[in-house]
Structure formats: C-alpha cells, structure tokens
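Asker: Whatever this is, show me its structure:
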Amino acid sequence: MMPRRRKERLIALVVLATMLFAPPLLLITGRLGPGALTLYVFLAWGAVIAMAAWLLEGGHRE
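Answerer: Numbers count the residues shown, from 1 in each chain. Got it, this is the predicted structure:
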C-alpha cells in the first residue's frame with residue numbers, strides 16, 4: 001500500500017505536468033521560436049520524469 005503523502009505528491013506531479021503541457025503555455029513558448037518550444041518541451045518532459053523517479057524511488061531506504 002502506498003503512503004498517503006506519496007499519493008498526494010504524485011497527484012500534485014500530474015497536475016503540474018498537465019499545467020506545463022497546457023496549450024496556452026505552449027502557445028506562449030511557441031511565440032519565442034521553434035527552437036524555444038522544442039527546448040521547453042524536452043526540458044519540461046525531463047523534469048517531470050526526474051520528479052516521478054525521485055518520488056517513486058525516494059522512499060525505499062534500506
């Protein structure tokens with residue numbers, strides 16, 4: 001069973017990821033140029049993956 005705090009953090013991560021990839025924010029970033037949009041998408045994607053890994057693996061202390 002997953003602890004309540006971890007579930008809450010994962011839900012917050014899903015909300016953050018949804019906000020990062022929402023069309024209005026992508027449109028604002030896209031106005032800076034195609035290179036900026038590509039960089040933003042890959043950095044945001046990598047950050048979400050890193051935070052998910054940190055949340056899911058961080059609780060296993062031996």
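Asker: From here on, just use CA atoms for contacts and neighbour counts.
Answerer: OK.
Asker: ok, residues contacting the helix or strand harbouring F42?
Answerer: Taking DSSP states H and E as the criterion, the element that holds F42 is helix 34-57. With CA atoms under 8 Å, 6 or more residues apart in numbering as the test, helix 34-57 has contacts from R6, R9, L10, L13, A17, L20, F21, L26, T29, G30.
Asker: What count of nearby residues applies to the fourth one?
Answerer: Per other CA atoms under 10 Å, the neighbour tally for L13 reads 17.
Asker: And what about it, helix, strand or coil?
Answerer: Following DSSP: H, G, I helix; E, B strand; the rest coil, L13 is assigned to helix.
Asker: Contact partners for it?
Answerer: V48, M51, A52.
Asker: do the second one as well
Answerer: Neighbouring residues of R9 by CA under 8 Å, 6+ apart: L55.
Asker: Need the pLDDT of it.
Answerer: As predicted, R9 sits at a pLDDT of 91.
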